[in-house]
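>>> I would like to see how this sequence folds:
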Amino acid sequence: MKNANPVVKESNWRETVSRFAGSDVRYSLWQLVSTLFLLGAAVVFAYWLMDYSLWLSLAMILPIAGLQTRTFIIMHDCAHGSFFPSQKWNDAVGFITGVLTFTPYQQWRREHAIHHASSGDLDHRGYGDVTTLTVAEYRALSAWGKLKYRLYRNPLVLFGLGPVHLLVFQRFHFLMTGEGSAKQVWNVWFTNIAMVALAIIGYLVFDWRSVWLLYVPAFYVAGAVGIWLFYVQHQFEEAYWERHQTWDYATAAITGSSYLKLPAVLNWFTGNIGLHHVHHLGPKIPNYKLKQAHEADPVFQEAHVITLSSAFKSLRLALWDEERGRLIGFRELQTS
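Modelled structure (predicted):
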């Protein structure tokens, strides 16, 4: 059991968060316009390249995926109400960027808010999380249940089929179960209709290749990157998981969210989301202020640092060991 981190407890982190919370409207507008312009330009350029080299055109999938990821981060900030002072503007831009990234904004906003309110809480898992079982829960499963969980935690399934799940099954599961408000359900339908309209426009303005050879594959890559980012932000050996009665919000944010150090160009494409510990403690801080906030308060230095090389080592982790207070892999379970 991990008690509340004393450094976090004694820190005046609320003052730091308050200082950097809130948007700079001019910067937000610049980030929005420049990102959408570059995304559109990349798609047009990739389509133009098809007349000269299919392989060069397909190589553009990577920068298109990167720009889709950056567009998603803008939607993410809108969901937190941090991108514009007006929630109406946040919702409008969130819907548009959600369509461009194949994400029903209101549904995602609801589930992501629950994730923030319960991240690291063993008694409130299941919303916006990578499913994580405890050792005891895994051992209690049937042979079929253990096989399903092992398959789910396999990186090929998690990152290979994950984008398909996000694109197809997640939204229709939401509609069939009737979860959420009528506004959220209608937003899913409007997003689906807008996505079809966008595909038709792409077909009429260009042709089917712009949709099926460029934008959809780019979404698949961006989706896999997004799942990987979310994975490494909360799945590391010394992560924070507690039962609800001992769970602490601030400690979960700082010690249960990683600080993923990325090269500057990747920080740009991912909207500084590697500073995830800052984001979880201050979700009202827009992406372009996260670095300043991180440097302004020593409490943020308590976060677990992950690099690109060490991030891939966490893929072996799959189970939370409550006795040892850390994530372990299946092989470690077999030898314990």
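
>>> could you verify that Ile328 is part of a strand?
Yes. Counting by DSSP: H, G, I helix; E, B strand; the rest coil, Ile328 is located in a strand.

>>> burial check on it, number of neighbours?
Look at Ile328: counted by other Cβ atoms under 10 Å, it has 18 neighbours. No exception for glycine: its C-beta is placed from N, CA and C like everyone else's.

>>> kindly report the same for Gly329.
The tally of other residues near Gly329 (other Cβ under 10 Å) stands at 16.

>>> for the stretch 201-336 of the chain, what spans make up the helices?
Assigned by DSSP state H, counting those that start in this stretch, the stretch 201-336 of the chain shows helices spanning 208-209, 216-234, 249-255, 264-269, 276-281, 290-296, 308-313, 330-335.

>>> need those in JSON lines with distance to Leu38 and mean pLDDT, can you?
Shown next, in JSON lines, are those (distance: least, Cβ to Cβ, whole Å; pLDDT from 0 to 100):
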{"stretch": "helix 208-209", "distance to Leu38": "21", "mean pLDDT": "78"}
{"stretch": "helix 216-234", "distance to Leu38": "13", "mean pLDDT": "92"}
{"stretch": "helix 249-255", "distance to Leu38": "32", "mean pLDDT": "89"}
{"stretch": "helix 264-269", "distance to Leu38": "10", "mean pLDDT": "96"}
{"stretch": "helix 276-281", "distance to Leu38": "23", "mean pLDDT": "93"}
{"stretch": "helix 290-296", "distance to Leu38": "21", "mean pLDDT": "93"}
{"stretch": "helix 308-313", "distance to Leu38": "24", "mean pLDDT": "86"}
{"stretch": "helix 330-335", "distance to Leu38": "42", "mean pLDDT": "80"}
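
>>> winner for burial among those helices?
With neighbours defined as mean count of other Cβ atoms under 10 Å, these peak in mean count at helix 276-281, which reaches a mean of 26.

>>> export the helices of the stretch 201-336 of the chain as JSON lines, with columns for distance to Lys148.
Shown next, in JSON lines, are these (distance: least, Cβ to Cβ, whole Å):
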{"stretch": "helix 208-209", "distance to Lys148": "36"}
{"stretch": "helix 216-234", "distance to Lys148": "18"}
{"stretch": "helix 249-255", "distance to Lys148": "28"}
{"stretch": "helix 264-269", "distance to Lys148": "33"}
{"stretch": "helix 276-281", "distance to Lys148": "28"}
{"stretch": "helix 290-296", "distance to Lys148": "37"}
{"stretch": "helix 308-313", "distance to Lys148": "24"}
{"stretch": "helix 330-335", "distance to Lys148": "14"}
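
>>> that'll do, ta.
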